[in-house]
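Student: sequence? don't have it. structure:
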DNA sequence: TTTCATGTAACTCTATTAGGTGCGTGAGGA
DNA sequence: TCCTCACGCACCTAATAGAGTTACATGAAA
């Protein structure tokens, strides 16, 4: 149901790429994400422009990670995606004449801006490498056979 | 440009209603908000159901505030509106089989849920009365010489 | 009984992400 | 050389959700 899944998808694919030697095609990535190859290229264009990966055309081409995952934060990816809108909630009018609405805007904007600053700061603290490490941990848990889980 | 402006608009209209004796029609409210009367009724239905105001049909009818503004928080209004989605960002798949995606989801969901909890907690601390008071302050600043009512 | 105002159903409009087709471009391989 | 693969991009459609709009029923007051 959520609208913008680009950040989530890029984290997912970057970790897969890190565990895969050699270039990966948009077709393969789309298969991993359950998405469309064109959407993959479209979304990854920003990460390429930001220098986190490269793309090569033709035979044996595809996408290659160029940056260690522990040097990329969630905030880096969010910004590489063009810093999409974070909140679904917003102000009715950004520059109203009504003083009441100005007061409402001041209160709401301050609260939302503060929440956004905190969230982006948190995004800046979490590296994709840390998530990849958590994945490794989940792997060992599943294969160690401690709890009977699917 | 933002999508969901209902909270913002409800704060705006509640403060106006608090400064206005007697019922206010949807038509009048729509004029204040630069919005549509039907949209106003649709949005305010939730606040009525939550008991913050009443509505009366027919001649001399309209909307009346029944609760002091310093007893209503932003969180109250948000919940009266049905607790709409706060974030425009979401997970690609809520229950993925891929362990990588599970790790991504765990990291992203924890960060977003934490941000949402903090934001809602903050909403719970801000009363509409406080915003109305800030408006009064803005009035005295603008009309420093002669006090005028809007 | 006429008028006014809410209550709702059932549309359209708008913005945004996502899905999809087609074609151009460039890099290898046969 | 020629063909195939894979990205790049233009341009469409689909799905979603808030907002706008029309139409009509309901109920209360003049």
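Tutor: Done, it's in. Please read these numbers as outputs of a predicted model, since none were measured by experiment. Residues are numbered from 1 along each chain as shown, chains lettered A, B, ... in the order given.
Student: Can you spell out which helices and strands pack onto the longest helix anywhere in chain A?
Tutor: Counting residues, the longest helix found in chain A (DSSP state H) is helix A:99-125. The helices and strands touching helix A:99-125, judged by 3 or more C-beta pairs under 8 Å, 6 or more residues apart in numbering or on different chains; DSSP states H and E, are helix A:74-80, helix B:6-18, helix B:74-80, helix B:99-125, helix B:128-142. Using the backbone N, CA and C atoms, a C-beta is placed for each residue, glycine as well.
Student: Contacts for the second one, please.
Tutor: To tie it back to what came earlier, the one meant is helix B:6-18. With contact meaning C-beta atoms under 8 Å, 6 or more residues apart in numbering or on different chains, helix B:6-18 is reached by A:89-92, A:98, A:100-101, A:103-105, A:107-108, B:24, B:29, B:32-33, B:35, B:40, B:43-44, B:47, B:52-53, B:63-65, B:69, B:72, B:74, B:77-78, B:80-81, B:84, B:128, B:131-132, B:135.
Student: Go again with 6 Å.
Tutor: A:91-92, A:100-101, A:104, A:108, B:24, B:29, B:32-33, B:43, B:65, B:69, B:77-78, B:81, B:128, B:132 (C-beta atoms under 6 Å, 6 or more residues apart in numbering or on different chains).
Student: by how many degrees do it and helix B:99-125 diverge?
Tutor: 10 degrees (axes from the mean of the first three to the mean of the last three C-alpha atoms, to 10 degrees).
Student: hmm, helix B:6-18 in reach of DNA strand C?
Tutor: No - Helix B:6-18 lies out of reach of DNA strand C by C-beta under 7 Å from any atom of the strand, never closer than 11.1 Å.
Student: Helix, strand or coil: sort out the closest residue to DNA strand C within chain A for me.
Tutor: In chain A, the residue that lies nearest DNA strand C is residue A:58 (2.7 Å; C-beta to the nearest atom of the strand). Of the three states, residue A:58 takes coil according to DSSP: H, G, I helix; E, B strand; the rest coil.
Student: residues from chain A in reach of DNA strand D?
Tutor: Checking chain A against DNA strand D by C-beta under 7 Å from any atom of the strand, the hits are A:1, A:3, A:24-27, A:37-38, A:41-42, A:44-45, A:48, A:55-63, A:92.
Student: if we can go back for a sec, can you give me the angle the longest helix of chain A makes with helix B:128-142?
Tutor: Using the same axes, to 10 degrees: helix A:99-125 against helix B:128-142 is 120 degrees.
Student: How far does helix A:99-125 sit from its chain's centre?
Tutor: How far helix A:99-125 lies from its chain's middle: 21 Å, per C-alpha atoms, centre = their mean, to the nearest Å.
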